[in-house]
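Asker: predicted model, plus sequence, below.
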Amino acid sequence: MSLLRSRVLTALAPHLAYAYIRLLGATVRVTYRNREALRRARAGNGPYVLVFWHARLVMMRHAYPDRRMVVLHSRHRDSRLLGQVMRRFGIDQAWGSTTRGGAAGLRDVLRRTRAGDDIGIAPDGPRGPRRRVQPGVIALARLSGAPIVPVSYSARPARRLRSWDRTLLPLPFGRAVFVYGDPLVVAREADDRACEQARRELEAALDRLTDEADDVVGLAREDPRPQVPEPPSHESDA
């Protein structure tokens, strides 16, 4: 691809993506399951962290009913383009990471929760591993006290792209369902073991909600996440 063509596509991509998401919002019949989880998470008028798999980004704007959300993006090129789309929907951005090396990047997000903003995070983005929750989102919940609300959706008709995350691309004039999980609270005094347990619980909840959404609309379930080798045990064989 020539440099000029690449620059033209990069310039057009946010506009086209915004128009397509608006088209989906106008033509896709959307239903919700357990949406009251957002109300329960809002108890005391505090913020919450809305968490979803990266593959289910396309219609995720329709999962959030308010206008006080900040979406966490990395500085990867794809995330910057996505940020341009989100700004058109009135959603602000914070730049950071959910990986182990992203603590400094999460400081801005923590500041925003203290100001009362909700946070949106795809914890397996921007480049994977697919359907693996990175620990940064658990650290954010622990430090902020904000509950995590997992959510997923599915749609039919739709296509699955051959991208690293198997992005689900809904098609116009279909149906979609959003499924919310119960709020997950991470105690401020949680140690490493408790944080890892919370991470696994969130991962399982997102998988369960995604499978449920696919089943409701009659779409074949997404391929299981790639297996990641377990870290070597440090226990003695003696």
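Answerer: Looks like it came in fine.
Asker: can we go C-alpha only for contacts and neighbour counts from here?
Answerer: Fine.
Asker: bridged to A155, which residues?
Answerer: Beta-bridge partners of A155, counted by DSSP bridges, are A176.
Asker: ok, it - contacts?
Answerer: 170-171, 174-177, 214, 217, 219 (Cα atoms under 8 Å, 6 or more residues apart in numbering).
Asker: strands of the protein, start to end?
Answerer: 29-33, 49-51, 69-73, 92-95, 118-121, 148-160, 168-180 (DSSP state E).
Asker: got the buried residues for the last one?
Answerer: Neighbour-count burial for strand 168-180, counted by 16 or more other Cα atoms under 10 Å, picks out 168-172, 174-180.
Asker: quick one: residues in contact with stretch 60-72.
Answerer: Contacts of stretch 60-72 (Cα under 8 Å, 6+ apart): 25, 90-97, 109, 112, 117-122, 151, 153, 178.
Asker: which pair in the contacts of A155 spans the largest distance?
Answerer: Using Cα to Cα, the pair of those lying farthest apart is L171 and D214, separated by 14.7 Å.
Asker: pLDDT score for A17?
Answerer: You'll see A17 listed with a pLDDT of 88.
Asker: what of P226?
Answerer: pLDDT at P226 comes out at 74.
Asker: ok, now which ones touch the closest residue to it other than its chain neighbours?
Answerer: Leaving aside its chain neighbours, P226 sits nearest to R130 (7.1 Å; criterion: Cα to Cα, 6 or more residues apart in numbering). By Cα under 8 Å, 6+ apart, R130 lies in contact with 54, 124, 164-165, 225-226.
Asker: please convert the strands of the chain to CSV, extending it with mean pLDDT and distance to Q134.
Answerer: Output for these, formatted as CSV (pLDDT from 0 to 100; distance: least, Cα to Cα, whole Å):
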stretch, mean pLDDT, distance to Q134
strand 29-33, 98, 26
strand 49-51, 97, 11
strand 69-73, 81, 13
strand 92-95, 74, 16
strand 118-121, 93, 11
strand 148-160, 98, 14
strand 168-180, 98, 20
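Asker: distance to G136 added to those strands, as a markdown table?
Answerer: Shown next, in a markdown table, are the strands of the chain (distance: least, Cα to Cα, whole Å):
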| stretch | distance to G136 |
| --- | --- |
| strand 29-33 | 27 |
| strand 49-51 | 12 |
| strand 69-73 | 11 |
| strand 92-95 | 13 |
| strand 118-121 | 10 |
| strand 148-160 | 12 |
| strand 168-180 | 21 |
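Asker: just checking, P183 touches A146?
Answerer: No. At 9.5 Å, P183 does not count as touching A146 under the criterion of Cα atoms under 8 Å.
Asker: out of these two, which sits in the busier spot?
Answerer: A146 (26 against 21; other Cα atoms under 10 Å).
Asker: how close does the more buried one sit to V179?
Answerer: Separation of A146 from V179 (Cα to Cα, to the nearest Å): 20 Å.
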